[in-house]
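Asks: Fold the following and give me the result.
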Amino acid sequence: MSQEAIAKIFAEQGIGKEIQCDAAFQISEKHGIDKLEIAKYCNKNGIKIRGCQLGCFK
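Replies: Sure thing, here's the model as predicted:
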């Protein structure tokens, strides 16, 4: 999925500079986007991932 498509999904869900990890997982599953692609998009666009389910990000 393209970065533009991920941006559109984030915009539709009102995601700005932060996203909760479980929300990222839900977007991944709902839209068939690899979690790594979401992570790359977040890193590229300065979006912080909060509430990491693995305990990596607080």
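Asks: Could you check how many residues crowd around the closest residue to residue 48 other than its chain neighbours?
Replies: Take residue 48 and drop its neighbours on the chain: the residue closest to it by CB to CB, 6 or more residues apart in numbering is residue 18, 4.8 Å away. Bear in mind the C-beta positions are built from the backbone N, C-alpha and C, glycine included. A total of 12 residues lie near residue 18 under the criterion other CB atoms under 10 Å.
Asks: Return the set of buried residues in the lowest-mean-pLDDT helix or strand in the chain.
Replies: Lowest on mean pLDDT, DSSP states H and E among the helices and strands of the chain sits strand 48-50, with a mean of 92. Going by neighbour count (16 or more other CB atoms under 10 Å), the buried part of strand 48-50 is residue 49.
Asks: Kindly report the same for stretch 16-30.
Replies: Taking 16+ other CB under 10 Å as the criterion, stretch 16-30 shows 19, 21, 23-24, 27-28 as buried.
Asks: Please name the residues that touch residue 46.
Replies: residue 17 (CB atoms under 8 Å, 6 or more residues apart in numbering).
Asks: So for it, what's the pLDDT?
Replies: As predicted, residue 46 sits at a pLDDT of 96.
Asks: any low-confidence regions in the chain?
Replies: Counting by pLDDT under 70, the chain shows low-confidence ranges at 56-58.
Asks: Try it again at 90.
Replies: Low-confidence segments of the chain, defined by pLDDT under 90: 1-2, 51-58.
Asks: can you give me the helices in it?
Replies: 3-12, 21-31, 35-44 (DSSP state H).
Asks: Please compute how far the second one lies from its chain's middle.
Replies: In other words, helix 21-31. Relative to its parent chain, helix 21-31 has a centroid offset of 7 Å by CA atoms, centre = their mean, to the nearest Å.
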